[in-house]
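Chemist: give the three-dimensional model of this entry:
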Amino acid sequence: MTARELLNTQREYFESGKTLPLAARIDALNGLERAIRAHEGEILGALRKDLSKSNFEGYMTELGMVYAEIGYMRKNLKKLMRPVRAKTPVYLFPAKSYSVPSPYGTALIVGPWNYPFQLTILPLVDCLAAGNTALVKASASAPASAEVIRKVIGEAFRPEYVSFLPGGREENKDLFDQKYDVLFFTGGKETGRRAAAAAAKNLAHAVLELGGKSPCIVRADANIPLAARRIAFGKFLNAGQTCVAPDYVLAHPKIRASLIAAIEEETVAMYGEDPLSNPDYPKMINRRQFDRVLSLIDGEKTVFGGRSDPSSLKIAPTVTENVSFSDPVMKEEIFGPVLPVLEAESFEEIKAAIAHNPTPLALYWFGNREEARRALSEISFGGGCIGDTVMHLATHELGFGGVGESGTGAYHGARGFFAFSHVKSILDAGSKFDLPFRYAPATPKKEKVIRKYMK
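Modeler: Have a look, this model is predicted:
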């Protein structure tokens with residue numbers, strides 16, 4: 001069936017009410033988990049084939065996060081579905097107020113290629129928990145992962161509940177124009193803009209998880225060895241193909257040289273002296289991305305790394321310095337294993353540097369906690385860490401999402417449930433009493449009562 005036919009079928013299924021009961025939602029989550037566990041080996045193999053991820057990295061960053069999200073929803077879904085009482089003003093006595101979550105209906109979930117399993121299936125977990133149907137589009141740029149996702153969905157669900165949509169960009173060029181109720185898109189800004197415009201045309205709710213140049217600030221009093229270890233981990237995970245990877249470092253001049261030396265030491269400890277020959281060091285997803293990232297490396301400004309292997313599509317972890325915001329590497333999100341290190345001495349210099357690429361998806365801060373608190377209130381960004389990188393994604397008690405250029409909306413845990421839910425506001429007025437002062441005709445006495453209580 002075409003996307004339009006699938007969505008129409010799913011809308012009929014949703015309107016039947018079969019996705020709404022708590023038991024149906026739990027059954028859907030359990031069915032999804034069973035299918036994933038049955039294909040766990042294939043999933044890890046697909047991640048290695050598409051991105052050269054080790055089983056360790058594949059489980060930690062993809063499978064494990066999906067399992068944890070399913071577990072969270074199973075444990076908390078009954079509570080999330082409950083109505084929530086709210087205060088009622090005295091002039092509405094004897095009414096009661098509450099809010100109740102309601103699924104949007106038919107969902108379109110479009111996943112990316114960099115974490116092809118997790119970033120496609122984790123939103124599906126939230127979508128099903130909220131009581132929706134789903135049409136799922138995995139990235140054709142990660143074909144092995146897309147194929148195993150197709151298997152998992154096909155075994156776990158009937159097509160009127162959840163369907164997998166095959167094909168690439170050309171085959172699905174009209175996908176965003178279909179009549180869905182909620183769009184969940186993870187990917188680049190330009191495609192995100194098209195998705196948002198199409199959703200607006202259909203008056204559909206949209207959650208956009210994009211990216212941006214996420215800064216990492218290291219102040220003079222930071223624990224340099226620990227900061228270097230955590231920066232190298234966050235930056236070179238998945239060969240830098242992570243939407244929340246530290247995109248560049250703003251280092252205090254006093255510690256810049258020692259920080260670079262420590263990052264090199266920690267990178268060698270993780271990936272060896274020759275990461276290009278390390279079978280567990282990830283590769284770039286395709287030749288186009290490989291060539292794009294290589295074009296951002298200025299050999300004269302490279303401190304270490306910079307080597308590459310076209311046959312394996314691997315680029316060694318690379319650190320550059322003495323770059324400026326006019327260099328190509330600072331004009332776009334790198335999305336690869338290249339880390340520019342710039343200097344920033346004052347808080348004002350930090351703010352001015354970030355203003356070149358505003359509203360990043362993440363911000364990371366090491367040292368000077370007083371300035372860190374200022375950054376939280378004065379700099380706009382999606383989320384982040386103080387004293388670490390990327391690990392704010394690992395807790396389901398925090399929502400994950402962007403702002404402005406880096407996206408709109410959030411998910412993970414309760415925020416994921418509500419990303420796929422409309423929260424209805426309900427006033428239950430009852431019928432035992434009916435206060436007459438709100439009804440015409442107007443009188444001075446009625447106006448006096450209104451002025452007394454509505455202020």
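Chemist: what ranges do the helices span in the stretch 51-200 of the chain?
Modeler: Ranges of helices within the stretch 51-200 of the chain are 55-58, 64-81, 118-129, 143-156, 189-201, based on DSSP state H, counting those that start in this stretch.
Chemist: need those helices in JSON lines (columns: mean pLDDT, distance to residue 436 and mean neighbour count).
Modeler: Yep, even glycine has a C-beta here, placed from its N, CA and C like the rest. Below are the helices of the stretch 51-200 of the chain laid out as JSON lines (pLDDT from 0 to 100; distance: least, C-beta to C-beta, whole Å; neighbours: other C-beta atoms under 10 Å):
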{"stretch": "helix 55-58", "mean pLDDT": "97", "distance to residue 436": "67", "mean neighbour count": "17"}
{"stretch": "helix 64-81", "mean pLDDT": "98", "distance to residue 436": "37", "mean neighbour count": "17"}
{"stretch": "helix 118-129", "mean pLDDT": "98", "distance to residue 436": "45", "mean neighbour count": "27"}
{"stretch": "helix 143-156", "mean pLDDT": "98", "distance to residue 436": "57", "mean neighbour count": "20"}
{"stretch": "helix 189-201", "mean pLDDT": "94", "distance to residue 436": "44", "mean neighbour count": "16"}
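Chemist: out of those helices, flag the one nearest residue 433.
Modeler: Closest approach to residue 433 among these is made by helix 64-81 (30.5 Å; C-beta to C-beta).
Chemist: any idea of the angle the closest one forms with helix 118-129?
Modeler: Helix 64-81 and helix 118-129 are oriented at 20 degrees to each other (axes from the mean of the first three to the mean of the last three C-alpha atoms, to 10 degrees).
Chemist: which segments of this protein make up each domain?
Modeler: 3-210+405-424, 215-397 (automatic domain parsing).
Chemist: can you give me the end-to-end span of the last one?
Modeler: End-to-end span of domain 215-397 (C-alpha to C-alpha, to the nearest Å): 24 Å.
Chemist: next one: stretch 179-189 to chain centre, how far?
Modeler: Stretch 179-189 sits 12 Å away from the centroid of its parent chain (C-alpha atoms, centre = their mean, to the nearest Å).
Chemist: next one: stretch 216-228
Modeler: On C-alpha atoms, centre = their mean, the centre of stretch 216-228 falls 26 Å from the chain's centre.
Chemist: and that stretch, what's buried?
Modeler: 216, 217, 218, 219, 222, 224, 227, 228 (16 or more other C-beta atoms under 10 Å).
Chemist: are we agreed that the first one is in a strand?
Modeler: Just to be clear, that refers to residue 216. Yes - counting by DSSP: H, G, I helix; E, B strand; the rest coil, residue 216 falls inside a strand.
Chemist: ok, the nearest residue to it once chain neighbours are set aside to residue 227 distance?
Modeler: Sequence neighbours aside, residue 246 is the residue nearest to residue 216 in space, at 3.7 Å (criterion: C-beta to C-beta, 6 or more residues apart in numbering). To residue 227, residue 246 is 10 Å away according to C-beta to C-beta, to the nearest Å.
Chemist: before we move on, the earlier item: could you export the buried residues of stretch 216-228 as TSV, including pLDDT?
Modeler: Below are these laid out as TSV (pLDDT from 0 to 100):
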residue	pLDDT
216	98
217	98
218	98
219	98
222	98
224	98
227	98
228	98
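Chemist: closest to residue 316 out of the helices of the stretch 51-200 of the chain?
Modeler: Closest to residue 316 of the helices of the stretch 51-200 of the chain, according to C-beta to C-beta: helix 55-58, at 16.9 Å.
Chemist: who are the packing partners of that closest one?
Modeler: helix 40-51 (3 or more C-beta pairs under 8 Å, 6 or more residues apart in numbering; DSSP states H and E).
Chemist: for the nearest residue to residue 315 once chain neighbours are set aside, what are its contacts?
Modeler: Nearest in space to residue 315, with sequence neighbours left out and distances taken as C-beta to C-beta, 6+ apart, is residue 308 at 4.6 Å. Contacts for residue 308 (C-beta atoms under 8 Å, 6 or more residues apart in numbering) come out as 276, 290, 294, 314, 315, 316.
Chemist: same check on residue 22?
Modeler: 77, 78, 81.
Chemist: now the second one: closest residue in space that isn't a chain neighbour?
Modeler: Right, the one you point to is residue 78. residue 22 (5.9 Å).
Chemist: pLDDT score for that neighbour?
Modeler: Note on residue 22: pLDDT of 98.
Chemist: tally of neighbours for the residue nearest to residue 454 when sequence neighbours are not counted?
Modeler: With C-beta to C-beta, 6+ apart as the criterion, residue 454 has its nearest non-adjacent residue at 6.0 Å, and that residue is residue 91. Residue 91 has 14 neighbouring residues, counting by other C-beta atoms under 10 Å.
Chemist: ok, the one 10 residues further on next?
Modeler: A total of 18 residues lie near residue 101 under the criterion other C-beta under 10 Å.
Chemist: verify the stated contact: it with residue 421.
Modeler: Yes - the criterion here is C-beta atoms under 8 Å, and residue 101 meets it with residue 421 at 4.0 Å.
Chemist: who touches both of those two?
Modeler: In contact with both residue 101 and residue 421: residue 130, using C-beta under 8 Å, 6+ apart.
Chemist: name the SS class of residue 257, please.
Modeler: Of the three states, residue 257 takes helix under three-state DSSP.
Chemist: for residue 374, same thing?
Modeler: Per three-state DSSP, the local secondary structure of residue 374 is helix.
Chemist: so what's it up against?
Modeler: Residue 374 neighbours (C-beta under 8 Å, 6+ apart): residue 347.
Chemist: please report how far it lies from residue 380.
Modeler: 13 Å.
Chemist: how deep is residue 454 tucked in, by neighbour count?
Modeler: Neighbour tally, residue 454, other C-beta under 10 Å: 9.
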